[in-house]
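Asks: sequence below, structure please.
(chains A, B, C and D)
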Protein chains: 4
Amino acid sequence: MEPNQAILLIHCNDRKGLIAIITQFLADHNGNIIDLDEHVEKEEGIFFMRVHWELAGFDIPKDEIKHVFTEQIANRFDMEWELYFTDKRPKMALFVSGSSHCMYDILARQYSGEWKIDIPLIISNHEKHQALADRYEIPYHYFDINKENKPAVEKAQIELLKSHDIDFIVLARYMQILSPEFIRTFPHKIINIHHSFLPAFAGAKPYHRAHERGVKIIGATSHYVTEDLDAGPIIEQDVVKITHKDSIADLVRKGQDLEKIVLSRAIWSHLQRKTLVHRNKTVVFD
Amino acid sequence: MEPNQAILLIHCNDRKGLIAIITQFLADHNGNIIDLDEHVEKEEGIFFMRVHWELAGFDIPKDEIKHVFTEQIANRFDMEWELYFTDKRPKMALFVSGSSHCMYDILARQYSGEWKIDIPLIISNHEKHQALADRYEIPYHYFDINKENKPAVEKAQIELLKSHDIDFIVLARYMQILSPEFIRTFPHKIINIHHSFLPAFAGAKPYHRAHERGVKIIGATSHYVTEDLDAGPIIEQDVVKITHKDSIADLVRKGQDLEKIVLSRAIWSHLQRKTLVHRNKTVVFD
Amino acid sequence: MEPNQAILLIHCNDRKGLIAIITQFLADHNGNIIDLDEHVEKEEGIFFMRVHWELAGFDIPKDEIKHVFTEQIANRFDMEWELYFTDKRPKMALFVSGSSHCMYDILARQYSGEWKIDIPLIISNHEKHQALADRYEIPYHYFDINKENKPAVEKAQIELLKSHDIDFIVLARYMQILSPEFIRTFPHKIINIHHSFLPAFAGAKPYHRAHERGVKIIGATSHYVTEDLDAGPIIEQDVVKITHKDSIADLVRKGQDLEKIVLSRAIWSHLQRKTLVHRNKTVVFD
Amino acid sequence: MEPNQAILLIHCNDRKGLIAIITQFLADHNGNIIDLDEHVEKEEGIFFMRVHWELAGFDIPKDEIKHVFTEQIANRFDMEWELYFTDKRPKMALFVSGSSHCMYDILARQYSGEWKIDIPLIISNHEKHQALADRYEIPYHYFDINKENKPAVEKAQIELLKSHDIDFIVLARYMQILSPEFIRTFPHKIINIHHSFLPAFAGAKPYHRAHERGVKIIGATSHYVTEDLDAGPIIEQDVVKITHKDSIADLVRKGQDLEKIVLSRAIWSHLQRKTLVHRNKTVVFD
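Replies: Presented below is the predicted three-dimensional model:
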């Protein structure tokens, strides 16, 4: 995204004229809309909108937009909304366990500049990726987690994340279940990749179960983490075909390519502020 | 689509405030927007919009909308635009040659009510589908076309199409090249299916050439017909994987499934008034 | 498939030299192999083979192949096996309920000659497809099924199927659950299409549940019917992407295209004798 | 692949009994076949086979297999064939230009142990990836190539490759055209990734041309390099859907994910010795 632009993500009860009111507000203040997406969920009558505009020439100062929009628009329609500025470089925390393919892929995208983000830290319950983190000069925090120390570990992790002012967390095949307290600390800010096409094969060992069932496709699902395991709002899914020839090792190999691509697409949508969560679903603008 | 609704398709040079102006126009007249899509082609600065609203409560009478919109909006911004009413049942003419898989698929969708259209006639340069057309009780017009009689045949076809007040033409594997005159009579109203992922293998015998080249995917492309053979604005494309085991007969078999689905998706988008042609590209709203 | 050819489908415990023994048997009798596929399931040590050869020049008379192969090969290795001749035209019974898209597709493939099969009868628990069946001149048997008469109806259906010497049954969106007795009468001879990527959304109303869950892909699965509902050996699966914009009606529309293609691919594999069921999985040779 | 196994890749004119002869040869010497794939190209009558067996218990010593097979089998049938041992760790040379996404992906697969290969050197016409190569401790050879020095540079590169005993070369978005002499030095040993679904958009700037043409899918193709630019035998292709919303930058971003996956699948097939080139096509066993 270019610098000096703003993005508004809005949802509220639908009513006639909402688009006109919001776009007129931007036009009145000389804002040039770059992109606008809206969606109305008909069953519940919920209005969703993402509007992306240029700040050059916009006559409300950047640090007053929030206030003005609240007063003039948001309060009138009881909107839930978020405002982002493209100048701000998001900070991601990367959580990883034994498998490293998603970690490699994410580090490459950050290091090569494909993603304009910072990764101030990596957190793991495995020691073995220290060397890789060192190669990319990213602080690597190893936590030996067990049933007893889990609350204390999570407390330490939360402090660490807060001290780094983390914007969002990516569970890049992190195989620990986060506590409800942890999840509530970062609502809709934790992105997970699960190695199946959910809701099939939620939980442990999805490739083994896919092989056992004899499916002809395997999948991967990236979703926001909620307190229900593997049941949070889905951001992105994809599949790959398999055959009777594929062993579990083949499923793992084919699936890993899928996992890293699906996770990266979900992170991209999140970074573009194209995702809006309502109840247990994600609106993902294209 | 539900009855008693209207759709506007607009494109014009982009400028600040266009969305606000159009949506305000609808709001002022008490129109409830069901769906709105917009796109700005940045390189050329072209604004595209599709807006779909309910006519119930809309305070401009149906037969005056065109006039009022022209006066109040379209003329001011030099818009190209089209207005559709969901009550109108489109009339499709079906052109077919030797292969019948797309014809079967289209007839099934019409006859089953999946598509709310009429098919007043089928035109072919082959006699052999008469029996099938009879089964569906659709008049079948056979034309024995050769180099000499082609202009006369096309003239007769155009008259036939006009006498039936045809809205659009589908070339469902019709293997005759239409003359520029014919095409100009139905601008952006003729939808073709080509059995390759264009621009690869334009022209004759794409499956043979795909086999010869040893590609690992084959495709199908549906596009609006222009005077350049297989080079018109693309509406929909898809592919299927093949292997070294696949003979040309296998490519034909696998490709035919693709052709009928790709063509039907393109027709669906056209019927939903989700397609907008500018230069040689198609905006296809989702 | 060409006439005057034979196909052997074999599975048995794996052991060294099986391929050599079987191919030597065919070579000794002057059989020209057109296609050979084998697979060894390593975990259980099961050998699967499909071999397709020309009967022209083969020096065992057609009606003795079964006997000779049993004596010389099959008994030695305790093989389960089936022998097919490409000259025999398979007879399919088509079962259908309210939705007709798969029925249309199958009738088109049969009527156009894409599939070399006979469809001597259609069975339905709905009256409404009588007119369509009449168009294709296929006897249509309507059964008004309820809890009470189900055993009697199934008994009548089985008699009808046997009187027509049916080779296999296709449940083309047939929404009745078959009894274990019915299923056992046609083991691995009943092909179903389920409108989800199984094992997700087994059972009723998969599109509604997919919409409720907010998945980003929907799928279809074709499988052999067993006594466990929607849990039989999978033959073919595929998916299509959806977005938050898609209503349940959109899922149904997009899904129906998938269903008919997935079902037809499964039927094609079955007709090519490329499917081999072992326990609850299907080997599908390519 | 497990250690202590061998793979034979064979092609020759087809004749009756070839499978029996080869499998009997292995059985006679107590070889346990792990996997066998065969294919007959009917039009030309060419027989292709890959057979993979265990050396444990095989009674021909490893260093005599070549001789014995030549004498007993290969010479009789005028076979072209190659013999591989799974114990040998292949050596890849990585060529890269400005874009690094494929390089990152390949280094990750090698470093993580997903691929059992060595990468003794990276060759580039750009200096900028030195730091990345250093992170992975792989010697990085920068060559400033221009029209004048190209023959000399290629000579130096060939010497370098030979001194490292390189088994195969991967052009991971290497944007220099190799001379016929270079290519002939490594026949069917150079794997390229082209960022389009070939044969569409061969040559320069495929994403720009795809955008210009208004296609609805973009693709990537991995192939063996021959003297005809982007026209060598295809190993693997895949596509991703795009829409009118996608700018050239979006195509590049979406395409890069495709390129790295398609290239890696092609390399995997090559490493598994599942690829067999005949004329300008690749048999890729599954």
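
Asks: would you quantify the distance from A:Pro115 to chain C?
Replies: Quick fix: residue A:115 reads Trp, not Pro. Going from A:Trp115 to chain C by C-beta to the nearest C-beta, to the nearest Å gives 21 Å. Backbone N, C-alpha and C define where each C-beta goes, glycine included.

Asks: for that residue, give its distance to chain D.
Replies: From A:Trp115 over to chain D the distance is 10 Å, taken as C-beta to the nearest C-beta.

Asks: residues from the stretch 1-150 of chain A in reach of chain D?
Replies: The interface of the stretch 1-150 of chain A toward chain D, taken as C-beta under 8 Å from any C-beta of the partner chain, is made up of A:Ser100, A:His101, A:Tyr104, A:Asp105, A:Ala108, A:Tyr111, A:Ser112, A:Glu114, A:Leu132, A:Arg135, A:Tyr136.

Asks: quick check: nearest residue in space to the last one, chain neighbours excluded?
Replies: If I follow you right, that is A:Tyr136. What sits nearest to A:Tyr136 in space, not counting adjacent residues and going by C-beta to C-beta, 6 or more residues apart in numbering or on different chains, is A:Leu107, at 5.1 Å.

Asks: now do the phi/psi pair for that neighbour.
Replies: Geometry field for A:Leu107 lists phi and psi as phi -60, psi -40, criterion degrees, to the nearest 10.

Asks: and for A:Ile218?
Replies: Backbone torsions of A:Ile218, given as degrees, to the nearest 10, read phi -120, psi 160.

Asks: tell me the pLDDT of it.
Replies: As summarised for this prediction, A:Ile218 has a pLDDT of 98.

Asks: and what of A:Met1?
Replies: 77.

Asks: is the residue in the stretch 101-250 of chain A positioned nearest to chain B bridged to anything, and to what?
Replies: Closest approach between the stretch 101-250 of chain A and chain B, counting by C-beta to the nearest C-beta: A:Lys241, at 7.7 Å. Here A:Lys241 shows beta-bridge partners A:Ile217, assigned using DSSP bridges.

Asks: so it is in contact with A:Ile217, correct?
Replies: Yes: with the criterion set as C-beta atoms under 8 Å, A:Lys241 and A:Ile217 qualify as a contacting pair; they are 5.6 Å apart.

Asks: the two: who's more crowded?
Replies: Between A:Lys241 and A:Ile217, counted using other C-beta atoms under 10 Å in any protein chain shown, the more crowded position is A:Ile217 (22 against 15).

Asks: now do the contacts for the more buried one.
Replies: A:Phe197, A:Val239, A:Val240, A:Lys241, A:Ile242, C:Phe197, C:Gly219, C:Gln237, C:Asp238, C:Val239 (C-beta atoms under 8 Å, 6 or more residues apart in numbering or on different chains).

Asks: that one and C:Arg279: what is the separation?
Replies: When C-beta to C-beta, to the nearest Å is the yardstick, A:Ile217 and C:Arg279 sit 20 Å from each other.

Asks: got the residue ranges for the strands in chain A?
Replies: Counting by DSSP state E, residue ranges of the strands within chain A are A:5-13, A:32-41, A:46-54, A:80-85, A:91-96, A:118-124, A:140-142, A:168-171, A:190-194, A:217-224, A:234-241, A:275-278, A:281-284.

Asks: quick one: buried ones out of the residues of the stretch 1-150 of chain A next to chain D?
Replies: A:Ser100, A:His101, A:Tyr104, A:Asp105, A:Ala108, A:Tyr111, A:Ser112, A:Glu114, A:Leu132, A:Arg135, A:Tyr136 (16 or more other C-beta atoms under 10 Å in any protein chain shown).

Asks: select from those every entry located in helices.
Replies: The subset of these located in helices under the criterion DSSP state H comprises A:His101, A:Tyr104, A:Asp105, A:Ala108, A:Tyr111, A:Leu132, A:Arg135.

Asks: up against chain C, what does chain A have?
Replies: A:39, A:41-42, A:197-201, A:213-217, A:219, A:233-239, A:243-245, A:247, A:280-284, A:286.

Asks: out of these, which end up buried?
Replies: A:39, A:41, A:197-201, A:213-217, A:219, A:233-239, A:244-245, A:280-284.

Asks: want to try JSON lines for the buried ones among the residues of the stretch 1-150 of chain A next to chain D, with pLDDT and distance to B:Asp35 as columns?
Replies: Formatted as JSON lines, these follow (pLDDT from 0 to 100; distance: C-beta to C-beta, whole Å):
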{"residue": "A:Ser100", "pLDDT": "97", "distance to B:Asp35": "44"}
{"residue": "A:His101", "pLDDT": "98", "distance to B:Asp35": "40"}
{"residue": "A:Tyr104", "pLDDT": "98", "distance to B:Asp35": "41"}
{"residue": "A:Asp105", "pLDDT": "98", "distance to B:Asp35": "36"}
{"residue": "A:Ala108", "pLDDT": "97", "distance to B:Asp35": "39"}
{"residue": "A:Tyr111", "pLDDT": "95", "distance to B:Asp35": "41"}
{"residue": "A:Ser112", "pLDDT": "95", "distance to B:Asp35": "38"}
{"residue": "A:Glu114", "pLDDT": "96", "distance to B:Asp35": "33"}
{"residue": "A:Leu132", "pLDDT": "95", "distance to B:Asp35": "47"}
{"residue": "A:Arg135", "pLDDT": "92", "distance to B:Asp35": "49"}
{"residue": "A:Tyr136", "pLDDT": "94", "distance to B:Asp35": "45"}
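
Asks: briefly note if stretch A:58-74 comes near chain B.
Replies: No: legend: contact between stretch A:58-74 and chain B by C-beta under 8 Å from any C-beta is lacking; minimum distance shown is 10.8 Å.

Asks: contact partners of that stretch?
Replies: Stretch A:58-74 has contacts (C-beta under 8 Å, 6+ apart) with A:6, A:8, A:10, A:21-22, A:25-26, A:29-31, A:55, A:79, A:81, A:83, A:85.
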